[in-house]
Each structure stands twice: as C-alpha cells, then as structure tokens.
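Visitor: sequence-free structure coming up:
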C-alpha cells in the first residue's frame, strides 16, 4: 500500500511541477541547487540544459563579464567562482545566446527590462544588509490614487514597534530607484528594510518610515490606459527625460506625500522629510527637492547628478542665495563610484556645488553603477537623516 | 548645447540599461512591447532574439502547449493569439530550447522552480480579480520567528479601513499556495487582495485578514542553515511529503497564528479562523485543520485531497463522529476541475466524505490544475466565510 501511495505521490510531485501553473513545462529532471555558497565563499552556479551548446555565467563581480560553464554527464552546466567578497550580486545565465534567470533560485531582481537572479554571499559576521536577530519592521504594498487618474503602487517600510506605538509620529524618507527598476527594487535588491532594522537596533539610525515609489508614472499611465507606445514607456532623449521627471515630481508632491501623510503617522514638516534616489532616481531626487525646497530638508543623491546647464536654467534658487540654502538644507549628499560611468559628470556637479558655496557631503567610493554601492550609500546616509 | 545634452542623455539612458545592475547586458536594441493586448482580446507576444533559430510561446491557454513565433527583419519574434477569454495567464518563451520569462514584462509568477510571466487579459467589465475603483486593503510583508529558530515570511492582507478602525477585530483566513510556489504567489498570481477588495466593496464578503504563509518551512530552514541538500528542499516520496506537511502544521499552529494574533487585530476563536490552500497547500489545509479541529471552523480545499488510507490512519476523528464534526465545521469545501490531474483522487475523497456523512460543499469546475481555477475557487469561498 505504502509503495503505491509513494509512487502516486512521486508521480504527483513531478506532475505538479509540470502542470502547477497550467502551462506545459519540461520535466524537472535531476534536482539542481544553484547558487551553492561554500564555506570558503566560493560559489557554484548550476543550470540544467542537456541540449545546450554553450552556457555562460553573467555577473561582472565574478571575474570576467561572462564566464564559461562546463556540462556534466547528465547535462548540468556549472562553474565555481571566488572566493567572493560578501555582498548581494545580480547574475544571469546566457544559454546559447539567450540571457535567463536562474530557474533554481527564487531571489530575483525586479526590473522592467532585464531578468536576473540574486546571490547573497554572507559575511563572517552578519552584514548590515542581511537578516539579523533584531526587531523587524514591516514592508507594506500600497495602492494610491496617482496622477492622471491612474492607480499607483508604493512599498512603505514602517520601523519596528510602529504598530504598537499607536500615537508616535515618524519622519519619512522617500527613496527612489533607477531606470527600469520597479517599486520593489529597493526592497528586494537594496534591502532597505533590513538595513534600517539593523541600524535602528544598533541605535545608529532613528526610526523612520521609508516610502519606495515607482519612478516612471508615465509608463504606468500608458499601461493602465492601454496607450503603450515606446515613446510612452522609455526615455530616449533629454527633453523627454525632463518631462518624465516633472511628472514624477508632480506625482510625488501632489499624490504620494499627501497619501502617506494621511495613512501613516508621519511628521508633516520639511525637517522630517528626506528624499534620496539611485541613478535616474538620483536625478529625480535633485529635481524634485531643488524644485520644492519647502518640502525637503534632507537630500541624498546616489550615482547621479544634474548638469550645469540644467542647474543654471532651472535651479538658480538653490545656489543664488547659498547662505539661505545652507540654512534650509540639513543634508545635501552626493556619492558615486570611481568606476561609475556617471563618475565624471557627478564630479562636475560636485564642483558646481563647491563653486557656488552650496554645502554638501560627498562619498567617492570604489566600484561602479551598482546596487552593491547603493546599499552602502543608503547605509551611510540613513545614519545622518533626521539627527 | 541641447543637442549635446540630448546625446549624452541618450547615451546614458542606454548605458543605464546596460550597466544599471552591474553586470554586462546586451544593448536593448529596438524597444519591445510584450504582451500587447488588442481591443478584440487578441494578444501579441514579442521577443527580441536576432540570432535565435526557433522561438516558441508556451501557454496552454493559447491553443497548443507551444506555439511557433515568427521573426521579423530586425530579429523580433512574435505571435498573435486569441481572442483570449479574459483572465490572467502564465506564459513563457522557449528560445532554442531554453524556457525564459518575457524580458519586456514586469509581471512574473513567483515560483521556486520555473520562471514565467503573466498576461492579464481584461474583461469587457472589470473582472473580480482586477483593479477596480474601490477602497483597497494593503498587503504587508512580515518576518516572524518560525520553527527551528528560522525566520519565516508572510504576506498579510488587511481589508480597507483596517488602519482607521483602531479597535475593530477581524476574522482571519490562512491561505496556502502550492508546491514550488512562494508566499507571494497568492498575491501576485491569485490576486487574493483585489478579489477581497472587490467582494468587500460589493458587500459579498465580510472584511477579513488574509494570511499567506510560505508552504515549505523545511526548505527555508535548509536555506537559512546552509544545509541545502535535494532531500531538504524537494519532496520526492510520500513519507517525506507527510513529514513536510507536519512541519508546516507545527509552524502554522505554534508560530504563524500566535504571531498574527499578537500583531494584528484578529478575533481569536475557531469560528473566526478559516484555512484554505491550493494543490500541496490543499493537502496541508486538510491535514492541519483535521489535526486541529479546535483551531479552524472553515476549511477550503482547492484542487487537492487526502487519500482514504491517510484518512483512515490519521483522521478518524473527523468521520467517526460525523455529527460532532458537522456541528463543529461551518464549511468543508472541496473544488477541482474536470481536467485536473488530481480530478479522480479528489472525487474519491469527496465520495469518502459522503460515505462517512461528513457535510461538505463541492464545486466541480471545468479546466485543470491552474491558477485561473484557483482565483475562481477563492472568489466563491470567501463569500461563504464567517457568515
């Protein structure tokens, strides 16, 4: 009897994999563990593709931009890299020229254009962006009424104890991700929630609400109205980029902030509002805050800049009376990596601020335009906010 | 000047896509819209692969299990299907034998083994699982202390008005997804939150909290302790499946429910607790509720069953005194599709309940072991719960 049930359950467990989402899937074959992180911090990546001619590991942190993988007798391709510096790295496989996520890995990189998986290489001590045995805040997925009648979505981090402290009010950090990222990216790739949990537990950051919006309302409107044309969805020139930034600004100032301040226990003054962002989100951060100096006293620009022409044409208010600006702004932070393709224009932006005597803090780090750097910049800046 | 800035921004916007997650990506080339839903409910899928020899659309709802796609002069493969019945369908592309998500589509199917995208074909009127202009609840991602010292994660839906109604308490529906699904699947594929928003707005469901746990704590423990072996992670025989179900039951009863009832305004009695699940989650639902009749008065089994031998060996308590069971249970629901590979054993389970005079409600629908059916079953059952 047991044998029969055993066989039936085996059959079912296989069929579940084949049928469980109602589309035909290839049988799973041998079970794959990928990525496998070894105690010496080497990492083995595996991909099952018996009939593939070439499988490459993509992930610039692992040596070359693409590393060849070797196939074993059952058709499992694998490569072992490292020892790898403890961090969270995106990677993908290129199988006969097709770039794919790791099907064996549930941790993915939320993005509108590319598909990648994430490998989290732990440190010898638990890193600041990793899960520690400390009180955890929660991350809430919210719908809100957005611009042009669209419905927007936000991730909102509330710190540990928020629900218990039924009257306490908190400052708010608006945190914006980059081009083609989604509102999930700062949560799933940036671990903003775990970084805050850990820094709050250490007493290094004060409890705050973190609001993670979607950076491209124009694309969302196009999607919801069925007007999806390339020109609606991607930015391909400067004018358009600025138009998009303006729509984002309108959404944040007139929709997101009022929604958050109505639905969360937020302190409603500029000294208790911070804004930060990475890449496109960094440009949106600068435009939105410089354009609304009455709304934000804390500004964090990660791996981005505004050009001198744009500063001169749009944001004289920031530097013409730098004394007033220096009084008003509690923090103007700009950070970039020396290998970032935006390194040079970001340095030019920093020089511009210097030349105009606008107070600012900078962090020039190693590395490039990566989320490994972003996590570090967030870790540094949230320790400065609201104190 | 504008031209220069324009060119630089164009360059940057392209490079952002290439570099924005720190691994080398192929340039985006022509912009792809996929899927594109036409007004006549036909759907066009597109995939850019100039050098591919064959690209197939996978998605059994679109005719064959796999449909050939045709390549145009710039290397964009496409196929148009339908008109398609309004619903949410998983699909994927098979590119020279490699199954991939749609890189142009941000809507994905959270799963541990396969990678698929989702296409949401709207109805002529807005469907019950789609976004309507009604008050929205929120979905919160929670960490909780789980079994064997592991940290578990939950999605928790709170109904519209939960935050405002600072003292009102709510009944709780524990909703468990299937094999290789994650705690996100009932949210992102099942749209449990939107179904509740819409039914609550119509007065057809009473406001409730919905808790969506992860169904495989053994895998999570293996992952967090680094003990990841195939035998830790996938179920390949009956004994193991039951052992896993037992660990899930322990986690739900001793960890999840206490956590939820401490952190949410939950009514703490069996008449205010419901449990339901799909596929493996349906089996876990039956085992957990039959094994803890003092905890749940509402049971919803979607596309699953328990075998007669298991009922006889483990759950005599349910049928030996069916009068008492019929008094205690407000609902025992079993539903399955006629094309479901579990159709026959599920009918046997229903017959077993009949033969033992255990009251139950059934829905035998068309279709198979799919999330299209699950959304319908959830829609039907949440209108019965707690009333």
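Guide: That came through fine. All values reported here derive from a predicted model rather than from experimental measurement.
Visitor: for stretch A:374-387, the distance to its chain's centre please.
Guide: In this view, stretch A:374-387 has its centroid 14 Å away from the chain centroid, taken as C-alpha atoms, centre = their mean, to the nearest Å.
Visitor: for stretch A:180-190, same thing?
Guide: Per C-alpha atoms, centre = their mean, the displacement of stretch A:180-190 from the mean C-alpha position of its chain is 3 Å.
Visitor: for the record, mean pLDDT for it?
Guide: Within the predicted structure, the mean pLDDT of stretch A:180-190 is 93.
Visitor: do that stretch and chain B meet at all?
Guide: Yes: where contact is defined by C-beta under 8 Å from any C-beta of the partner chain, part of stretch A:180-190 touches chain B, namely A:180-182, A:187, A:189. Backbone N, C-alpha and C define where each C-beta goes, glycine included.
Visitor: farthest pair within those?
Guide: By the measure C-beta to C-beta, the residues of stretch A:180-190 next to chain B have their two most distant members at A:180 and A:187, which lie 16.1 Å apart.
Visitor: returning to what we had before: out of the residues of stretch A:180-190 next to chain B, which is most surrounded?
Guide: The member of these that has the most neighbours, counting by other C-beta atoms under 10 Å in any protein chain shown, is residue A:181 with 30 neighbours.
Visitor: residue contacts, it?
Guide: Applying C-beta atoms under 8 Å, 6 or more residues apart in numbering or on different chains to residue A:181 gives the contacts A:110-112, A:189, A:215, A:278, A:281, B:20.
Visitor: among these, which ones are in strands?
Guide: Residues of those located in strands (DSSP state E): residue A:278.
Visitor: mind putting the contacts of residue A:181 into JSON lines with distance to residue B:48?
Guide: Supplementary listing: the contacts of residue A:181 in JSON lines, determined by distance: C-beta to C-beta, whole Å:
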{"residue": "A:110", "distance to residue B:48": "20"}
{"residue": "A:111", "distance to residue B:48": "16"}
{"residue": "A:112", "distance to residue B:48": "14"}
{"residue": "A:189", "distance to residue B:48": "24"}
{"residue": "A:215", "distance to residue B:48": "23"}
{"residue": "A:278", "distance to residue B:48": "26"}
{"residue": "A:281", "distance to residue B:48": "26"}
{"residue": "B:20", "distance to residue B:48": "18"}
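Visitor: top of the contacts of residue A:181 by neighbour count?
Guide: With neighbours defined as other C-beta under 10 Å, the most crowded of the contacts of residue A:181 is residue A:278; it has 34 neighbours.
Visitor: from what I can see that one touches residue A:177, true?
Guide: Yes: counting by C-beta atoms under 8 Å, a contact exists between residue A:278 and residue A:177, whose distance comes to 6.0 Å.
Visitor: anything in contact with each of those two?
Guide: By the contact definition C-beta under 8 Å, 6+ apart, residue A:278 and residue A:177 are jointly contacted by residue A:190.
Visitor: show me where pLDDT drops low in chain A?
Guide: Low-confidence regions of chain A, defined here as pLDDT under 70, cover residues A:1-30, A:226-239.
Visitor: helices of that one, start to end?
Guide: A:2-19, A:185-188, A:192-201, A:217-225, A:230-233, A:238-251, A:257-263, A:280-290, A:308-314, A:316-319, A:322-328, A:343-355, A:371-382 (DSSP state H).
Visitor: could you count how many residues lie near residue A:149?
Guide: As a burial measure, residue A:149 scores 10 neighbours (other C-beta under 10 Å).
Visitor: report the separation between it and residue B:133.
Guide: Here residue A:149 is placed at a distance of 9 Å from residue B:133 (C-beta to C-beta, to the nearest Å).
Visitor: with residue A:115 instead?
Guide: Here the distance between residue A:115 and residue B:133 works out to 32 Å (C-beta to C-beta).
Visitor: ok, these two, which is more surrounded?
Guide: When residue A:115 and residue B:133 are compared on other C-beta under 10 Å, the one with more neighbours turns out to be residue A:115, at 22 against 10.
Visitor: isn't that one up against residue B:115?
Guide: Yes: assessed by C-beta under 8 Å, residue A:115 is found in contact with residue B:115 at 7.4 Å.
Visitor: which neighbours do those two have in common?
Guide: Contact criterion C-beta under 8 Å, 6+ apart; residues shared by residue A:115 and residue B:115: A:100-101, B:100-101.
Visitor: with respect to residue B:66, which of those is nearest?
Guide: For the shared contacts of residue A:115 and residue B:115, the closest approach to residue B:66 (C-beta to C-beta) belongs to residue B:100, at 13.2 Å.
Visitor: show me the contacts for residue A:132.
Guide: With contact taken as C-beta under 8 Å, 6+ apart, residue A:132 is in contact with A:126, A:194, A:197-198, A:201.
Visitor: just the buried residues from those residues, in PyMOL please.
Guide: Filtering those down to the buried ones (16 or more other C-beta atoms under 10 Å in any protein chain shown) takes a single PyMOL command:
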select buried, chain A and resi 194+197+198
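Visitor: residue B:140: which of the contacts of residue A:181 is nearest?
Guide: Distance from residue B:140 was checked for each of the contacts of residue A:181 by C-beta to C-beta. The minimum falls on residue A:110, at 17.7 Å.
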